[in-house]
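Visitor: here is the input, now give the coordinates:
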Amino acid sequence: MAEIQIKNVAKSFGAYQALNNINLTIADQEFMVLLGASGCGKSTLLRIIAGLETATSGEVWIGGKRIDHLSPKDRGIAMVFQNYAVFPHLTVFENIGFGLRMQKRPNDEVKRRVERVAGLMHIEMLLKRYSGELSGGQRQRVAVARALAMEPDVILMDEPLSNLDALLRMEMRAELKGVLAESKTTAIYVTHDQVEAMSMADRISVMHQGNIVQAASPIEVYRNPSARFVASFIGNPPMNFLPATPAGAGKWQVAGQTLDGPKADKPGLHFAIRPEDMQQAESGLVATAKIVEPLGAHLLVTCQIDEALFRVILDSDTVVKPGQTLTLAPQADRVRWFDPDTTLAVA
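Guide: Take a look at the predicted model:
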C-alpha cells in the first residue's frame, strides 16, 4: 500500500510563505495532479515529498510510515523531471537500468526489469541506442521507464511533458496514464496545464498562493468549483461572471433579468456560468457581440453585457456578426453563485 498523507506541511523561504499548512491524502494507486500557476507552491510540495526540500513544519507519510526524516533514496520514491536527465554517454538500456545498477541488483534482474518497462513504454527497439539518437518524446519515455524500473511505491513527475510539442504531448498523456495504471503505482504529477490535469488525473488539487483551494475529480472541479479562483483558472475560456442583486427569496437580478438562485442573506452575489452552458433564446440576458472567432466545431463569441465581457460558445453553423444583439439564456442547472467577499461558492 502506498497511500500518501501530507499533514500540516508548511514551507517558508525567509519572509516568503511558499506553503500554508497543506493537508492532503492520496490513495494507493491514485493519480493525483497538482495544478496551478507558476509560484503557487506545487513544485515545492513535490520536492518536500521527494526529500529534495525540507518542510518548515508538518509531516509526510507513505504507506503508514512517516518518511520526512528519511533521505530521498530511502523513501521508495522515483522522480521524473522536466529536463529528462537522460545520460548521453549511456545506451537506453543502461539509462533505464542505472538506478538498479546503483542498487547492485543482479544482471538477470536488471535485464528483466529494463525489458519489462521498455515494453510498457514502447521503446524496446531503442535499447541499444544513445540519447543523441533519440527524439524528445523518446527521451521522455526513457526517463519514465527508468523511474518505473525501480518499482517505486510512489512516482513523482514535475511537468514532464512541457518540453514536447502539442501533438506529442497529447499522445504521451494517454500513454503515460495507461502505463501508470498498469504498473499500479501511486503518482503525483505537477503541471500548470489544465488540459493535462483534466485528461490524466483521478483527482486534481488546485493550488493558489501556497494553499490547496480544491481537491476533487476533474469533472467536479470543472462543474462545481469551490471558489472563484478555481472557476477562473479551470476552463478555456473560463467561467463568465456577472454581479447579482437580491430580488426576493431565492431570486436574483442579473443584467436586468430575474433568475432563480440560492436563498442567501447577502447584499449581492456573483452569477457564474461556463460559455458552453449558454444558448440563444427568446428571453434572457441581452448581449452585444463584439468578437466572433470560428474554432472549427464551434464559434467563440465575445459579447458585452452591461459593462462586462461575456463569452459564449455556439454551434459553428450559427450566424453571428460583430455588433449583433443576442439574447442568451443560461442552462439553469449549470449556474453557479459566488460570495464576492469570501470568493467561495454559495450553494
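Visitor: ranges for the helices of the stretch 1-150 of the chain?
Guide: Applying DSSP state H, counting those that start in this stretch to the stretch 1-150 of the chain gives helices spanning 42-50, 92-96, 98-102, 107-120, 136-149.
Visitor: in JSON lines: those helices, plus distance to Ala249, mean neighbour count and mean pLDDT.
Guide: The way it works is simple: take the backbone N, C-alpha and C, and place the C-beta from them, glycine included. Shown next, in JSON lines, are these (distance: least, C-beta to C-beta, whole Å; neighbours: other C-beta atoms under 10 Å; pLDDT from 0 to 100):
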{"stretch": "helix 42-50", "distance to Ala249": "42", "mean neighbour count": "23", "mean pLDDT": "95"}
{"stretch": "helix 92-96", "distance to Ala249": "65", "mean neighbour count": "24", "mean pLDDT": "93"}
{"stretch": "helix 98-102", "distance to Ala249": "64", "mean neighbour count": "16", "mean pLDDT": "89"}
{"stretch": "helix 107-120", "distance to Ala249": "58", "mean neighbour count": "17", "mean pLDDT": "90"}
{"stretch": "helix 136-149", "distance to Ala249": "56", "mean neighbour count": "24", "mean pLDDT": "86"}
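Visitor: would you turn those into a markdown table with distance to Asp265?
Guide: Listed next are the helices of the stretch 1-150 of the chain as a markdown table, based on distance: least, C-beta to C-beta, whole Å:
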| stretch | distance to Asp265 |
| --- | --- |
| helix 42-50 | 37 |
| helix 92-96 | 62 |
| helix 98-102 | 59 |
| helix 107-120 | 56 |
| helix 136-149 | 53 |
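Visitor: which stretch among these comes nearest Tyr189?
Guide: Tyr189 sits nearest to helix 42-50 of all the helices of the stretch 1-150 of the chain, at 8.9 Å, using C-beta to C-beta.
Visitor: thought Leu90 was touching Ile96?
Guide: No - Leu90 lies out of contact with Ile96 (C-beta atoms under 8 Å); the separation is 9.2 Å.
Visitor: closest to Gly248 out of the helices of the stretch 1-150 of the chain?
Guide: helix 42-50 (43.4 Å).
Visitor: for the closest one, output the C-alpha coordinates as PDB.
Guide: Output of helix 42-50 as PDB, limited to C-alpha atoms (Å, rounded to 0.1, in the frame of the first residue of the first chain):
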ATOM      1  CA  LYS A  42       3.100  22.900  -6.300                       C
ATOM      2  CA  SER A  43       6.700  22.100  -7.200                       C
ATOM      3  CA  THR A  44       7.800  23.000  -3.600                       C
ATOM      4  CA  LEU A  45       5.300  20.500  -2.200                       C
ATOM      5  CA  LEU A  46       6.500  17.800  -4.700                       C
ATOM      6  CA  ARG A  47      10.100  18.400  -3.700                       C
ATOM      7  CA  ILE A  48       9.200  18.100   0.000                       C
ATOM      8  CA  ILE A  49       7.600  14.700  -0.600                       C
ATOM      9  CA  ALA A  50      10.700  13.600  -2.600                       C
END
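Visitor: other SSEs contacting that helix?
Guide: Counting contacts by 3 or more C-beta pairs under 8 Å, 6 or more residues apart in numbering; DSSP states H and E, helix 42-50 packs against strand 4-13, strand 16-26, strand 31-35, strand 77-80, strand 154-158, strand 186-191.
Visitor: what sits up against the second one?
Guide: With contact meaning C-beta atoms under 8 Å, 6 or more residues apart in numbering, strand 16-26 is reached by 3-12, 32, 41, 44-45, 48, 55, 58, 186, 188, 203, 205, 209-212, 215.
Visitor: do the same with the fourth one
Guide: With C-beta under 8 Å, 6+ apart as the test, strand 77-80 has contacts from 49-51, 62, 99, 143-144, 146-148, 150, 152-158, 160.
Visitor: for it, give the mean pLDDT please.
Guide: Taken as a whole, strand 77-80 has an average pLDDT of 89.
Visitor: which residues in the stretch 201-347 of the chain form strands?
Guide: 203-208, 211-216, 240-246, 251-254, 257-260, 269-273, 278-294, 298-305, 308-315, 325-330, 336-338, 345-346 (DSSP state E, counting those that start in this stretch).
Visitor: possible to save those as TSV with distance to Lys111, mean neighbour count and mean pLDDT?
Guide: TSV is the format used below for these (distance: least, C-beta to C-beta, whole Å; neighbours: other C-beta under 10 Å; pLDDT from 0 to 100):
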stretch	distance to Lys111	mean neighbour count	mean pLDDT
strand 203-208	36	24	97
strand 211-216	40	20	97
strand 240-246	57	19	96
strand 251-254	66	19	94
strand 257-260	66	15	92
strand 269-273	56	22	97
strand 278-294	54	15	93
strand 298-305	51	19	94
strand 308-315	53	18	94
strand 325-330	60	17	94
strand 336-338	55	21	97
strand 345-346	54	18	95
